[in-house]
Each structure stands twice: as structure tokens, then as C-alpha cells.
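# fold the following.
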Amino acid sequence: MTESAALQALQRRLGHHFARPTLLVQALTHRSFGAEHNERLEFLGDAVLSLGVSALLYERFSGSDEGDLTRVRAHLVREDSLHRAALSLGLPEVLRLSEGEGRGGGAQRPSILADAVEALIGAVFLDGGYAPAQTVVQRLFGEVIQSTEADSWAKDAKTELQEWLQARRISVPAYRITATRGQAHAQTFEVECAVPSLGLAERGEGRSRRIAEQEAARRLLELLKASDRPGGPLRS
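Sure thing, here's the model as predicted:
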């Protein structure tokens with residue numbers, strides 16, 4: 001597929017045809033590729049995404065208070081959710097990266113893909129205003145919002161993991177940074193979450209240490225819950 005055809009297909013998946021195609025190209029351009037990269041659009045898109053998701057949550061969970069809505073929103077706009085949205089849009093095939101970043105697997109890196117989703121939302125906002133940007137947010141997150149309950153995201157992963165372990169009288173997890181990538185203003189952190197007494201550990205990555213810790217905790221909690229089922233290692 002030619003680059004032009006790939007961009008046309010992406011616009012169909014987004015549900016928005018750009019009047020200013022240069023905005024679309026910029027949204028897909030990583031800083032490693034050139035000066036006209038997507039970081040400013042990412043900044044704008046982050047705010048538009050937060051507003052769009054907030055509006056959807058306000059309508060969906062009419063009986064929930066501010067705290068519940070804030071927690072659900074935090075889960076929806078976190079890196080792994082944006083990464084899944086990026087994959088659904090086929091962004092790895094259309095990102096513009098330097099040769100070195102491309103060879104290093106940048107097109108599959110969750111942090112780069114998550115940033116590109118936010119940049120695309122910012123680009124749609126500049127191209128057509130809030131209404132089409134909200135339509136994109138609805139397309140990407142509307143189904144999961146409609147199919148979930150606020151209580152299912154009542155606690156963040158680190159809190160839930162700690163409570164799960166304490167309830168079983170298992171020592172609390174330990175977190176440590178195992179790697180950092182990128183320049184100081186745009187670093188990606190890799191963090192390990194370990195429970196030494198069980199000999200288990202999982203890793204997560206994100207644009208901040210906090211995001212990476214939450215992702216590592218989420219993965220370890222999923223592993224522990226699976227292991228705690230009948231027949232699992234913790235129950236054998």
C-alpha cells in the first residue's frame with residue numbers, strides 16, 4: 001500500500017478526513033524524524049482527550065461521584081489503553097520515524113504509539129474543532145465505556161496489588177527502575193515490580209516512573225490472580 005493510500009485508510013478508521021493533511025502528517029511524525037514532529041499536537045490532544053472522555057463518562061455514569069469518574073478516566077487515558085487504540089488504528093504502519101528509531105522497534109513501542117494517538121486527536125481538533133475530535137474519542141473509547149462499570153476501576157493497580165498481597169499476608173512488592181530510554185525531556189521508564197517471597201516479577205514501561213510502576217503492578221496482579229485460581233501455582 002502506498003503512503004497516500006495508507007493515510008486515506010487511516011482517515012477512514014478515524015472517521016475524519018483532514019482538510020489540512022499536513023496536520024495528519026505532523027501527528028504521525030516522531031521527534032526522531034525531523035523538526036516538524038508531533039509533541040505539540042500531543043500536548044493539545046492530551047487535553048482534548050481528557051475532556052472528551054470526561055464528557056462520555058459524565059453521560060454514562062450519571063450516579064457516580066467525582067472520585068469514581070476521575071479514577072475511570074485515569075484508566076482510560078493511560079498508556080496501555082492508548083496503545084491498544086493505536087493498534088486498532090494501524091498506527092505502526094504509518095508512523096514516521098528515523099531509521100535508527102525504526103530499526104530499534106519504535107513503531108511498536110507503547111509510549112510512542114500512545115503519544116501518536118494523542119497527537120492525532122489534537123490534529124483533528126485543530127483541523128475541524130471539538131465536535132469531530134469528540135467523534136474520534138467516541139469511536140476509540142465509546143464501546144469500552146458503555147460496556148464497563150465504574151466499580152471495576154475503583155482502585156489503581158498499585159493499591160489493588162498491595163491489598164491483594166496483604167490480605168494473604170504476603171510481603172508488599174518492591175519497585176525498581178530497570179532502564180530508561182530517550183532524552184531527558186521525553187524519557188521512557190521501565191520498572192520492575194517484584195514479590196521476592198513468591199519469586200515473581202513483572203515489568204512495565206511508561207512516560208513517567210509512576211505510569212511504569214502502575215503498568216508493572218497491573219501485570220503482576222494479573223499473574224497472581226491467574227496463579228491463585230484452582231490448579232494455579234499458588235493453589236497447588
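# and the helices in the chain?
3-14, 21-27, 39-60, 66-76, 79-89, 99-103, 110-128, 130-146, 157-167, 209-227 (DSSP state H).
# to residue 181, which of the ones you listed lies closest?
Among the helices of the chain, the nearest to residue 181 by C-beta to C-beta is helix 110-128 (8.6 Å). In this view, the C-beta of every residue, glycine as well, is placed from N, C-alpha and C.
# pull the distance from the closest one to the chain's centre.
Taking C-alpha atoms, centre = their mean, to the nearest Å, one finds the center of helix 110-128 at 12 Å from the center of the full chain.
# what's the angle between that helix and helix 130-146?
140 degrees (axes from the mean of the first three to the mean of the last three C-alpha atoms, to 10 degrees).
# put the alpha carbons of helix 110-128 into CSV.
Extracted C-alpha coordinates of helix 110-128, given in CSV (Å, rounded to 0.1, in the frame of the first residue of the first chain):
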residue,chain,number,x,y,z
PRO,A,110,3.8,1.6,23.5
SER,A,111,4.9,5.1,24.6
ILE,A,112,5.5,6.3,21.0
LEU,A,113,2.1,4.8,19.9
ALA,A,114,0.2,6.3,22.8
ASP,A,115,1.8,9.7,22.1
ALA,A,116,0.7,9.5,18.4
VAL,A,117,-2.9,8.8,19.4
GLU,A,118,-3.0,11.9,21.5
ALA,A,119,-1.3,13.9,18.7
LEU,A,120,-3.9,12.6,16.2
ILE,A,121,-6.7,13.8,18.5
GLY,A,122,-5.0,17.2,18.8
ALA,A,123,-4.7,17.3,15.0
VAL,A,124,-8.3,16.5,14.4
PHE,A,125,-9.2,19.3,16.9
LEU,A,126,-7.2,21.9,15.0
ASP,A,127,-8.5,20.7,11.7
GLY,A,128,-12.2,20.6,12.4
